[in-house]
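need coordinates for the below:
(one chain, ligands or ions: 1)
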Amino acid sequence: MMAIVYIFVAILGLCVGSFLNVLIYRVPNQMSIIKPDSHCPNCKKKLKWWHNIPVLSWLCLGGRCAYCRTPISPRYIMVEILNMVLWLGCALVFWKINIVLAISMMIGCSILITIAFIDFEHKYIPDRFQIALLIVGILCAIFDPVWGWASHVIGLFVGGGVLLLFYGLGFLLYKKEALGFGDVKLMAVCGLILGWQSVLVALFFGAILGAIGCLIMRAISKDGKGEYAFAPYLALGVILAMFFGADIVAIYLGLF
Ligand SMILES: [Zn+2]
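Presented below is the predicted three-dimensional model:
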């Protein structure tokens with residue numbers, strides 16, 4: 001029975017991943033999500049339905065537009081596969097606990113992928129995705145049988161509070177916005193999704209990955225300056241905490 005669920009989740013995960021690509025491309029460019037139909041950004045030709053099959057179309061066309069042969073970013077196939085893998089992970093880990101929780105976590109992962117890619121490229125997080133995460137957070141707080149809703153409400157203040165502290169410190173030290181306010185809001189809503197125990201794990205991973213990421217970005221950028229997106233690392237930290245937070249907290253508490 002569960003095998004059918006996993007196959008269904010994998011296929012749906014790929015299709016939703018394909019839709020995330022539409023969001024990542026269109027939302028920052030102020031384009032409608034529904035209209036026009038999918039088209040090549042280079043030759044503007046409308047794509048046929050068989051050009052839009054997740055992963056398969058990209059592979060069959062050799063990662064190029066069917067008409068003008070312009071290379072299509074490997075980001076498309078990456079997002080689709082990443083979304084499928086995370087959806088399968090959610091089904092494996094959360095389905096047996098609570099189906100609503102599993103579906104909430106799947107949607108949460110998809111929104112985090114979208115935020116990570118948009119922030120990486122455009123250096124901002126659209127508010128509509130923060131609101132969507134807030135709704136996911138409310139569902140997680142209601143349907144969490146492990147830590148209960150209070151943990152999630154405290155998580156909202158812990159996640160948002162820690163980032164707000166760094167936001168304020170950045171202002172004092174550098175006299176400018178060292179951290180985007182979008183990152184503060186992001187960790188508040190992710191705190192609601194995770195609960196305060198796991199959001200600490202997410203902050204820990206987010207900070208370490210962010211530091212490594214900034215060093216790499218600085219090394220490969222020409223002038224060594226510029227703005228770095230922090231949300232991709234925070235999102236990765238949150239996803240790690242979703243799956244391993246409870247275990248990490250248990251191991252940590254076991255040390256004492
Ligand atoms: Zn084209």
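
report pLDDT for the residue in the stretch 101-250 of the chain that the ion sits nearest to.
Closest residue of the stretch 101-250 of the chain to the ion, Cβ to the ion: Glu121 (20.5 Å). In short, each C-beta sits where N, CA and C put it, glycine included. You'll see Glu121 listed with a pLDDT of 92.

that one: what's it in contact with?
Neighbouring residues of Glu121 by Cβ atoms under 8 Å, 6 or more residues apart in numbering: Ile24, Pro28, Ala229.

Met84 versus the second one, what's the distance?
Spatial separation of Pro28 from Met84 under the definition Cβ to Cβ, to the nearest Å is 24 Å.

got any ranges where the protein has weak pLDDT?
223-226 (pLDDT under 70).

tell me the domain ranges of it?
According to automatic domain parsing, the chain comprises the domains 1-96, 126-256.

hang on, the earlier thing: more neighbours, Pro28 and Met84?
Met84 (21 against 16; other Cβ atoms under 10 Å).

helices along the stretch 51-200 of the chain, start to end?
Taking DSSP state H, counting those that start in this stretch as the criterion, the stretch 51-200 of the chain contains helices spanning 56-60, 75-94, 99-122, 127-143, 149-174, 181-194, 196-220.

identify each buried residue in stretch 20-32, please.
By 16 or more other Cβ atoms under 10 Å, the buried positions in stretch 20-32 come out as Leu20, Asn21, Val22, Leu23, Ile24, Tyr25, Val27, Pro28.

any chance of those in TSV, plus distance to Pro41 and secondary structure?
As requested, the buried residues of stretch 20-32 are exported to TSV (distance: Cβ to Cβ, whole Å; DSSP: H, G, I helix; E, B strand; the rest coil):
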residue	distance to Pro41	secondary structure
Leu20	17	helix
Asn21	12	helix
Val22	12	helix
Leu23	15	helix
Ile24	13	helix
Tyr25	8	helix
Val27	15	coil
Pro28	13	coil
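
returning to that earlier point: ok, which of the helices of the stretch 51-200 of the chain comes nearest Asn42?
Comparison of these against Asn42 by Cβ to Cβ identifies helix 75-94 as nearest, at 14.0 Å.

so how far is the closest one from its chain's centroid?
The gap between where helix 75-94 is centred and where its chain is centred comes out at 11 Å by Cα atoms, centre = their mean, to the nearest Å.

any chance you could list what contacts it?
Counting by Cβ under 8 Å, 6+ apart, residues outside helix 75-94 touching it are 5-6, 9-10, 12-14, 16-18, 20-21, 24, 54-55, 58-59, 63, 101-103, 105-106, 109-110, 113, 117, 239, 242-243.

what does stretch 172-186 give?
115, 119, 123-125, 127, 130, 133, 160, 163-164, 166-167, 169-171, 230-231, 234-235.

what of stretch 130-146?
97-98, 100-101, 104-105, 107-108, 111-112, 149, 151-153, 156, 182, 185-186, 189-195, 246.

drop anything exposed from those residues.
Buried among those by 16+ other Cβ under 10 Å: 98, 101, 104-105, 107-108, 111-112, 151-153, 156, 182, 185-186, 189-195, 246.

how close does Ile251 get to Phe244?
Distance from Ile251 to Phe244, by Cβ to Cβ: 10 Å.
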